[in-house]
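Visitor: Everything below, folded, please.
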Amino acid sequence: MKRAFRQSCQESLPGMRATSVARRGESSRRHAPARDAGPFQIHNCDAFDWLCDALPCSIHAVVTDPPYGLVEYSDRELTKLRTGRGGVWRIPPSFDGHQRSPLPRFTVLSDLDKEALRHFFHRLAQQLIRVLVPGGHVFIASNPLVSYYVYDPFIRSGFEKRGEVIRVVQTLRGGDRPKNAHDEFSQVSVMPRSCWEPWGLFRKPCEGRVQDNLRKWWTGGLRRISQDEPFRDLIYSAPARGAERGIAPHPSLKPQQFLRQIARASLPLAKGVILDPFMGSGSTIAAAATCGLASIGLEKNGEYFELAWRAIPELAVLNPVPPQPNGSAKRL
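Guide: This is a model prediction of the structure:
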């Protein structure tokens, strides 16, 4: 299946190969060789190094789920995650017989961690606004507890905030009683049960009118669902489970049912290149490939990079639960 998928990729989209994205000078030699399969290309490298080497106006959209705690994907914290002991990753108790997935505890961030977050996203926003073409959009996954650490640096760097895409999803985050006092305060929840995930939506300013920008850069708007239906900012989406989780066992895996809708919307004319600078297990790249779109994925962690190379072809041909129409009030 993987071989057939990669062969079909190499035969498709001849004018949209991700490898056409130019790089500056000789500095790209610091990166390991890229792996590509037609419309997608992935790099095992530091995202900021790659962005520094990329030419201006060479990327048309960004879809990414960044490491919010910064520390949660360090070697130390990943070791604690694998052993299920301590650290920033919280291993929730089972619920109704189901084992709950690990979740990063954003409430444990220190003042120093929070300042590092602001600096991280300021640096990221400055690099992205340089490499994006005018009118290019950024879809960036967030969390209600830390989203303001992202949005302000992006706006200060020159991006226009174009709203948020709300992913309606019940992940069993929050809603717990006070730790070690469940019986004494059985009527109390420390935080509300989280039922949504915000994705910040930003746009690099257009050159002139949107119609002119679309003609020159292929960007400036979002692809409609159909001639009659616009893209909406509400998507019901179950967590990634079953086959998806088995193919790509990454702690922050997003489902194909959701990512395919985002990837499709990000390139309004179905032309250009999508970048995911924090690729993880490659779910965004797989979603773009399924939609027939060119993409580039970056991943610093070698283990997750190898996982992505194996998982992308399988995720791309996966047939998940048929998606509800974007903006539908019907739950999955």
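Visitor: hang on, K216 in a strand?
Guide: No. Under the criterion used here (DSSP: H, G, I helix; E, B strand; the rest coil), K216 is helix, not part of a strand.
Visitor: is it true that it touches C206?
Guide: No. At 9.5 Å, K216 does not count as touching C206 under the criterion of C-beta atoms under 8 Å. No exception for glycine: its C-beta is placed from N, CA and C like everyone else's.
Visitor: neighbour-wise, which of those two wins?
Guide: C206 (21 against 15; other C-beta atoms under 10 Å).
Visitor: And the residue nearest the centre of the protein?
Guide: Of all residues in the chain, the one closest to the mean position by C-alpha atoms, centre = their mean is T64, 2.5 Å from it.
Visitor: thinking again about what came up before, can you check which residues contact both of K216 and C206?
Guide: Counting by C-beta atoms under 8 Å, 6 or more residues apart in numbering, the residues touching both K216 and C206 are P134.
Visitor: Show me the helices in the stretch 201-332 of the chain, by range?
Guide: Here the stretch 201-332 of the chain has its helices, by DSSP state H, counting those that start in this stretch, at 210-217, 242-247, 256-266, 283-290, 302-316.
Visitor: In CSV, could you pull the C-alpha coordinates for stretch 189-202?
Guide: Extracted C-alpha coordinates of stretch 189-202, given in CSV (Å, rounded to 0.1, in the frame of the first residue of the first chain):
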residue,chain,number,x,y,z
SER,A,189,-14.8,20.4,39.5
VAL,A,190,-11.5,22.2,39.5
MET,A,191,-12.0,23.3,35.9
PRO,A,192,-14.8,22.9,33.4
ARG,A,193,-14.8,19.8,31.1
SER,A,194,-13.2,21.0,27.9
CYS,A,195,-15.4,20.4,24.8
TRP,A,196,-13.6,22.5,22.2
GLU,A,197,-10.2,23.3,20.7
PRO,A,198,-9.4,26.7,19.2
TRP,A,199,-7.3,26.9,16.0
GLY,A,200,-6.0,30.4,15.5
LEU,A,201,-6.5,31.7,12.0
PHE,A,202,-4.1,34.4,10.7
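Visitor: Next, the buried residues of that stretch.
Guide: Neighbour-count burial for stretch 189-202, counted by 16 or more other C-beta atoms under 10 Å, picks out 194, 197-202.
Visitor: what about the residue nearest to I140 when sequence neighbours are not counted, helix or strand, and which?
Guide: The shortest distance from I140 to any non-neighbouring residue, by C-beta to C-beta, 6 or more residues apart in numbering, is to G200 (4.7 Å). Element membership of G200, judged by DSSP states H and E, is strand 196-203.
Visitor: strands paired with that strand, and their directions?
Guide: strand 132-141 (antiparallel), strand 160-168 (antiparallel) (DSSP bridges).
Visitor: CA atoms of the first one as PDB?
Guide: Looking back up the chat, that one is strand 132-141. The C-alpha atoms that make up strand 132-141 are tabulated as PDB, following Å, rounded to 0.1, in the frame of the first residue of the first chain:
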ATOM      1  CA  LEU A 132       4.600  33.000   3.400                       C
ATOM      2  CA  VAL A 133       3.300  34.600   0.200                       C
ATOM      3  CA  PRO A 134       1.000  37.600   0.600                       C
ATOM      4  CA  GLY A 135      -2.400  36.500   1.500                       C
ATOM      5  CA  GLY A 136      -1.200  33.100   2.900                       C
ATOM      6  CA  HIS A 137      -3.000  31.800   5.900                       C
ATOM      7  CA  VAL A 138      -1.800  30.200   9.100                       C
ATOM      8  CA  PHE A 139      -4.000  27.600  10.900                       C
ATOM      9  CA  ILE A 140      -2.400  27.000  14.300                       C
ATOM     10  CA  ALA A 141      -3.800  24.600  16.900                       C
END
